[in-house]
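K.L.:
when you get a sec, could you give me coordinates for this:
(chains A, B, C and D)
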Protein chains: 2
Amino acid sequence: MDGGEYTRDQHRSAGGALEGESPQRPRDARETRARILRAAGAVFAGRGYEAATVRDIAARAGVNQALIFRYFGSKKALLTEVMAQDGKEQVSTTPPELLFETALRGVLAEGGGAEADRLAVYLRSIGSADAAPETVRALGEEYATALAALSGAEDGTLRAQLAMAWLLGIGLMRVVVRQEPLATAEPDAVCAHVLAALDRLLPVLPGGEPGRGTGQERPGGRP
Amino acid sequence: MDGGEYTRDQHRSAGGALEGESPQRPRDARETRARILRAAGAVFAGRGYEAATVRDIAARAGVNQALIFRYFGSKKALLTEVMAQDGKEQVSTTPPELLFETALRGVLAEGGGAEADRLAVYLRSIGSADAAPETVRALGEEYATALAALSGAEDGTLRAQLAMAWLLGIGLMRVVVRQEPLATAEPDAVCAHVLAALDRLLPVLPGGEPGRGTGQERPGGRP
DNA sequence: CCCTTGTGTAAGCACACGCTTACAACGCTA
DNA sequence: TAGCGTTGTAAGCGTGTGCTTACACAAGGG
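P.N.:
Sure thing, here's the model as predicted:
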């Protein structure tokens, strides 16, 4: 399917420093590890955990597959490491009332940003691997508690998880089911609809009536 | 893991007509086919397509695995047939304005009803198998057009698909991620929240303010 | 009776997978 | 130079998979 990019020319790699870190060292374990991680992310995202093979990942990374086991121990451990990449960073660096919209826009962002890739890994691997559901649960818990905290309602956690479920579902429809018109709809349009609807669930989120484009109004408190 | 029910006593099967069709025929191809189909549904739902094995399904159905290939040709064809079971029936037999709530309640229904099983098959197999996304897309199209028809809005299809995405996401959270409290929340409570929120998206759906239980109000037109 | 057709079974083929092993090339210090 | 730990490689082991083959019964027709 995909052409054979990344066929690294053994040692003496040319000049093209591709991560902004120590360009052109011939036997660099850190670089190799990172390369494997990146390749694994792409392959897991494109095919799901079960369908992805260690040989594929090794080939894409341009390394021998034995290295994968030296560096990560097992295929499952590799998946875990791929999914654990930052992730919870966003929760702690984004103000809670913007968390949902930020995440939504991340889901809606086009074309293999690292973030969309990670979501695809979740979605495509979620059915198997049992590492995936666990990670989704853990990450989801962080998002949910952050969102629940700012809704004063008694069932705030439920409400927050319902919102997250919508996020996941939208990602599923766009990334793996690819159903039109949702798959290629304008992020702004989707965002407006979702935020408007969620106004009933989590009243503190920004975003009022549908069709307004980016939500910027209603910046402050709730009654 | 699961106890070995279904260890059919070869020929001379006892009396218990279990499908309401031609009880107790010793070598009944139709019955065997149906048994395989049922077993496949259960195994695919519990483990996802890739992780499920033909041997598992055969054992659960109490038949030789070679029969599976005689009757269905391949594992993938079996998946397709399992997912194609009725499905679109619901769309044509349910009045559009109740379609969403009916589907939602199906998703929320506890414990392996055939419907929840089929949803689990979708969700757990959606990442791989590429038969699954296709079927979800096809089925989703039917739901979406039915829902879109009753919303007069120009972007009715988008709105309908967003609603379906929520459905899928809620199913994912409950069935495969199993995140609490959503996983074991009261169907009525979830339903009320979702319908209330969707009132902004698809105004013709029943269901107004949250916390009311089943919605019955606002039966008619939109402005 | 044999022959054919439909249903069920035991055994195994070919292959791709995750993972391991034995070894070579390199960079470094002495 | 030799010694040593690190990084990379080629080859293959064991296993489980989807799927096939060759055969055993049952029933009907000549």
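K.L.:
domains for chain A, by residue range?
P.N.:
A:29-82, A:89-198 (automatic domain parsing).
K.L.:
all helices of chain A, in order?
P.N.:
For chain A, helices defined by DSSP state H occupy the ranges A:29-47, A:54-61, A:65-72, A:75-84, A:89-93, A:96-108, A:114-125, A:131-150, A:156-171, A:187-198.
K.L.:
chain B: which of those is closest?
P.N.:
Of all these, helix A:156-171 sits nearest to chain B, with 2.6 Å by C-beta to the nearest C-beta. Glycine gets a C-beta too; all of them are placed from N, C-alpha and C.
K.L.:
that older thread, in a markdown table, list the helices of chain A along with mean pLDDT and distance to B:Ala189.
P.N.:
Below are those laid out as a markdown table (pLDDT from 0 to 100; distance: least, C-beta to C-beta, whole Å):
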| stretch | mean pLDDT | distance to B:Ala189 |
| --- | --- | --- |
| helix A:29-47 | 91 | 35 |
| helix A:54-61 | 96 | 43 |
| helix A:65-72 | 95 | 42 |
| helix A:75-84 | 89 | 31 |
| helix A:89-93 | 73 | 26 |
| helix A:96-108 | 86 | 20 |
| helix A:114-125 | 78 | 26 |
| helix A:131-150 | 82 | 15 |
| helix A:156-171 | 92 | 7 |
| helix A:187-198 | 94 | 17 |
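K.L.:
which of the ones you listed has the highest mean neighbour count?
P.N.:
helix A:156-171 (a mean of 25; mean count of other C-beta atoms under 10 Å in any protein chain shown).
K.L.:
how about that helix, does it get close to chain B?
P.N.:
Yes - interface with chain B: helix A:156-171 contributes A:157-159, A:161-162, A:164-170 (C-beta under 8 Å from any C-beta of the partner chain).
K.L.:
what do you get for stretch A:95-108?
P.N.:
No - using C-beta under 8 Å from any C-beta, stretch A:95-108 stays clear of chain B, coming no nearer than 10.4 Å.
K.L.:
and A:Pro181, its phi and psi?
P.N.:
phi -90, psi 0 (degrees, to the nearest 10).
K.L.:
and the closest residue to it other than its chain neighbours, how far from A:Ala165?
P.N.:
Of all residues not flanking A:Pro181 in the chain, B:Leu158 sits nearest, at 5.4 Å (C-beta to C-beta, 6 or more residues apart in numbering or on different chains). To A:Ala165, B:Leu158 is 19 Å away according to C-beta to C-beta, to the nearest Å.
K.L.:
what's the neighbour count on the closest residue to A:Glu50 other than its chain neighbours?
P.N.:
Once flanking residues are discounted, A:Glu50 sits nearest to B:Glu50: 3.7 Å by C-beta to C-beta, 6+ apart. B:Glu50 has 20 neighbours, counted by other C-beta atoms under 10 Å in any protein chain shown.
K.L.:
check the one 3 residues further on too.
P.N.:
Other residues near B:Thr53 come to 13 when the count uses other C-beta under 10 Å.
K.L.:
pLDDT wise, what is it at?
P.N.:
Note on B:Thr53: pLDDT of 95.
K.L.:
quick one: it from B:Arg47, how far?
P.N.:
B:Thr53 sits 9 Å away from B:Arg47, taking C-beta to C-beta as the criterion.
K.L.:
what of A:Val204?
P.N.:
40 Å.
K.L.:
so which residues on chain A come close to DNA strand D?
P.N.:
Near DNA strand D, the residues belonging to chain A are A:10, A:27-29, A:32, A:63-67, A:70 when assessed by C-beta under 7 Å from any atom of the strand.
K.L.:
ok, so of the residues you listed, who is nearest DNA strand C?
P.N.:
Nearest to DNA strand C out of those is A:Ala66 (C-beta to the nearest atom of the strand; 3.8 Å).
K.L.:
and the gap between A:Phe192 and A:Tyr143?
P.N.:
Quick fix: residue A:192 is Ala, not Phe. Counting by C-beta to C-beta - A:Ala192 and A:Tyr143 are separated by 21 Å.
K.L.:
ditto for A:Ala84
P.N.:
In terms of C-beta to C-beta, A:Ala84 sits 15 Å off from A:Tyr143.
K.L.:
one more: A:Ile170?
P.N.:
14 Å.
K.L.:
ok, A:Leu123 next?
P.N.:
16 Å.
K.L.:
tell me the residues of chain A that contact DNA strand C?
P.N.:
A:11, A:26-27, A:52-55, A:65-66, A:69, A:74-76.
K.L.:
let's see it at 6 Å
P.N.:
Proximity of chain A to DNA strand C, by C-beta under 6 Å from any atom of the strand, involves residues A:11, A:26-27, A:53-55, A:65-66, A:69, A:74-75.
K.L.:
including distance to B:Val136, could those residues go into CSV?
P.N.:
Putting the residues of chain A next to DNA strand C into CSV (distance: C-beta to C-beta, whole Å) gives the following:
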residue, distance to B:Val136
A:His11, 47
A:Pro26, 47
A:Arg27, 46
A:Thr53, 25
A:Val54, 29
A:Arg55, 29
A:Gln65, 33
A:Ala66, 38
A:Phe69, 35
A:Ser74, 31
A:Lys75, 27
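K.L.:
intersect these with the contacts of chain B.
P.N.:
Answer for those near chain B: none qualify (C-beta under 8 Å from any C-beta).
K.L.:
A:Asn64: neighbour count?
P.N.:
A:Asn64, neighbours per other C-beta under 10 Å, totals 12.
K.L.:
confidence score at it?
P.N.:
For A:Asn64, pLDDT reads 95.
K.L.:
distance of it from B:Pro187?
P.N.:
52 Å.
K.L.:
likewise for A:Ile126?
P.N.:
A:Ile126 is 23 Å from B:Pro187, where distance means C-beta to C-beta.
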